[in-house]
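Q: Next one to model:
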Amino acid sequence: MAISSFYTSSRIPSSGTNMMLIRKVGVSQCYQDSAVMFYNKSRSQQSLNLSAFLRHQKYPVHVLCSQKKEIPIVEARSMDEIYDTLAERLVPTAASGTNTCLMHIVGLAGPPGAGKSTIASEVAKRVNALWPHIASSFDSQVEPSEIAIVLPMDGFHLYRHQLDLMEDPKEAHARRGAPWTFDPDLFLKCLKTLREQGSVYAPSFDHGVGDPIEDDIYVNVHHKVVIVEGNYLLLDEGVWKEISSVLDEKWFVDVDIDIAMERVLKRHISVGNHLFIEYNDRPNAELIFKSKKNADLIIKSVAL
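A: Residues are numbered from 1 along each chain as shown. Got it, this is the predicted structure:
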């Protein structure tokens, strides 16, 4: 297995007032990517980028590449470093779509307990924080600051009354969270509408009630980055394969399955739900891990 570090280089032009910092990925014969490029006009923005530069010099983010398949793996000392790196990866893509109103849809998959929701939320937050510094350098009108949004797959759970109508309602409720307890057709329709029309109303999920909330999330044309997070985004069968094909990038959160199950157990206890982990969550996780091979990028979860 080859290992190479993300590295940051800086270049100050001999003429002009702008400073350019380019953060790249270097992987031996495997993966190269311009992860972030800032063009700034003010000293305060230069200071902000210098701080980011120094931070990444101190805490390198590593990329590991398997010889079996060339999938880059992002790894760091802390999840904060990973959040920053992923956000900086997405910002140039958002900037490139400024004049064309293109939307970049990222699929973030992984087993229960991998931390998908937190990663999606933190990355979106950082993209939105970085965006004003990028947008201010454009000659055109500055875009809204909230350009990244999270679209969870949880809203596409089947309703409890739909589970009640299944052949074995008890089994259906006990296995809730398995692929067949979602509505992938509705999910696919939502993503296609978003892709074709640039906006869509999507459902969220109320964990207290245990059912989706219709039209609770609005993704609009101002959102340039949409992070779709869910368990089964990378499955390569049936409708799930079509869902995967809509995504521009596919990320997978890799975590030790026992650690993930411990996190899930704590979550169940916190909401008064004592589901048998070995009966439902672990089989689901094992299925999800099989889809890791379909990822474009693997994120190594860091124990908190």
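
Q: pretty sure Glu262 is in contact with Gly113, am I right?
A: Yes: the pair Glu262 and Gly113 passes the contact test of Cβ atoms under 8 Å, sitting 7.4 Å apart. For glycine as for every other residue, the C-beta is placed from the backbone atoms N, C-alpha and C.

Q: Okay, Ala95 and Leu186: tell me how far apart.
A: With the distance defined as Cβ to Cβ, to the nearest Å, Ala95 ends up 32 Å from Leu186.

Q: if we can go back for a sec, Glu262 and Gly113 - which one has more neighbours?
A: A count of neighbours by other Cβ atoms under 10 Å puts Gly113 above the other of Glu262 and Gly113, at 24 against 13.

Q: that older thread, have a look at Ala95 and Leu186 and say which one is more surrounded.
A: Neighbour totals were compared for Ala95 and Leu186, and Ala95 leads with 22 against 16 (other Cβ under 10 Å).

Q: Output the contacting helices and strands for the host helix or strand of Ile149.
A: When secondary structure is defined by DSSP states H and E, Ile149 falls within strand 148-152. For strand 148-152, the helices and strands in contact under the criterion 3 or more Cβ pairs under 8 Å, 6 or more residues apart in numbering; DSSP states H and E are helix 116-135, strand 200-206, strand 211-219, strand 225-229.

Q: Looking only at the first one, what residues are buried by neighbour count?
A: This points to helix 116-135. Residues 116, 119-124, 126-128, 130-131, 133-135 are the ones in helix 116-135 that count as buried (16 or more other Cβ atoms under 10 Å).

Q: Which of those scores worst on pLDDT?
A: Among the buried residues of helix 116-135, Ala135 carries the weakest pLDDT, at 68.

Q: Using the record's assignment, carve this structure into domains.
A: Domain assignment for the chain by automatic domain parsing gives 1-75, 93-298.

Q: Flag the shaky bits of this protein, pLDDT-wise.
A: 1-69, 97-101, 135-145, 270-276, 304 (pLDDT under 70).

Q: the strands in it, which residues?
A: Listed in chain order, the strands of the chain (DSSP state E) span residues 2-11, 19-27, 31-40, 62-65, 72-75, 104-109, 148-152, 200-206, 211-219, 225-229, 249-254, 297-300.

Q: my read: Leu265 touches Ile277, true?
A: Yes: here Leu265 reaches Ile277: they are 5.7 Å apart, a contact under Cβ under 8 Å.

Q: between the two, which one's more packed in?
A: Relative neighbour count places Ile277 above the other of Leu265 and Ile277, with 18 against 15, counting by other Cβ under 10 Å.

Q: How about that one: what's its closest non-neighbour residue?
A: If the residues on either side of it in the chain are set aside, Ile277 comes closest to Met261, at 5.3 Å by Cβ to Cβ, 6 or more residues apart in numbering.

Q: ditto for Pro179
A: Closest residue to Pro179 apart from its sequence neighbours, by Cβ to Cβ, 6+ apart: Tyr232 at 5.3 Å.
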